[in-house]
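1. sharing a sequence plus its predicted fold:
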Amino acid sequence: MRVLILTILTFIGQLTFAQTDKSKRPSPPDNTKVTTTDGVTIDINYSRPSLKGRQLGVDIAPVGIVWRTGANEATTIEFNKDVLVEGKKLAAGKYGLYSIPGEHETTIMFNKVWNQWGTKYDANEDALRVSVSNATASTSQEQFKINATPQGTISLEWGQYVVPFTVKASN
């Protein structure tokens with residue numbers, strides 16, 4: 001009887017681990033972390049959805065509608081010091097990163113509520129919004145990716161779209 005109970009408990013433990021192992025999700029987690037040349041540490045945690053034959057801007061991340069800028073839990077972006085995002089002040093801290101994709105321009109939102117499921121968004125909690133021009137990639141990216149450079153350029157890359165914005169230390 002003890003062996004049976006131990007076996008059942010072990011099996012339940014393995015099932016629980018499998019359910020919490022985020023790397024097994026269809027949109028696995030990823031992290032981008034960089035310290036810029038002007039001393040800002042940028043730490044971004046997000047999940048990477050794939051296109052899977054869907055049309056970007058129509059079937060997924062629709063144009064004109066708030067998007068969680070990733071999948072699963074809210075994408076988070078954290079700055080170790082006060083910054084300027086596209087020239088606008090943003091206090092040091094951790095934020096939920098949301099966006100409103102547009103055909104030519106995308107609005108990037110830094111939301112004060114970051115510890116939540118990504119589809120829960122309240123515009124009243126935005127600390128900052130900036131609009132940036134979209135760019136086109138030379139090759140299509142199947143899986144969503146966020147890159148950050150030491151020069152402070154963060155780019156959201158998916159399909160043929162690249163949405164870059166700049167972060168600088170606030171002096």
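-> That came in fine, so what should we check first?

2. residues in contact with the residue most central in space within the chain?
-> Central residue of the chain (CA atoms, centre = their mean): residue 75, 3.5 Å from the mean position. Listed by CB atoms under 8 Å, 6 or more residues apart in numbering, the contact partners of residue 75 are 44, 45, 46, 47, 68, 69, 96, 97, 98, 118, 146. Quick note: C-beta positions are derived from backbone N, CA and C, even for glycine.

3. can you report phi and psi for it?
-> As for residue 75, its main-chain torsions (degrees, to the nearest 10) stand at phi -70, psi 140.

4. gap between stretch 154-169 and the chain center?
-> A distance of 11 Å separates the centroid of the chain from that of stretch 154-169, by CA atoms, centre = their mean, to the nearest Å.

5. what about stretch 34-45, average pLDDT?
-> In this model, stretch 34-45 has an average pLDDT of 98.

6. how close does residue 80 get to residue 106?
-> Note on residue 80: its distance to residue 106, by CB to CB, to the nearest Å, is 25 Å.

7. those two - which one has more neighbours?
-> Using other CB atoms under 10 Å as the criterion, residue 80 and residue 106 rank with residue 106 on top: 23 against 14.

8. check what pLDDT the residue nearest to that one when sequence neighbours are not counted gets.
-> Spatial nearest neighbour of residue 106, chain neighbours left out: residue 163 (4.7 Å); criterion: CB to CB, 6 or more residues apart in numbering. Here the pLDDT value assigned to residue 163 is 96.

9. pull the residues that contact stretch 35-44.
-> Outside stretch 35-44, the residues within contact range by CB under 8 Å, 6+ apart are 31-34, 75-81, 83, 97, 146, 148-152, 154, 167-169.

10. tell me which residues are up against the longest strand along the chain.
-> Looking across the chain with DSSP state E, the single longest strand is strand 153-169. For strand 153-169, the external contacting residues (CB under 8 Å, 6+ apart) are 32, 36, 38-40, 42, 44, 51, 56-57, 61, 69, 77, 79, 81-86, 99, 101, 106, 108, 130, 132, 134-137, 140-141, 143-148, 152.

11. rerun at 7 Å
-> Here strand 153-169 makes contact (CB atoms under 7 Å, 6 or more residues apart in numbering) with 36, 38-40, 42, 51, 56, 69, 81, 83-86, 99, 106, 108, 130, 132, 134-137, 140-141, 144-148, 152.
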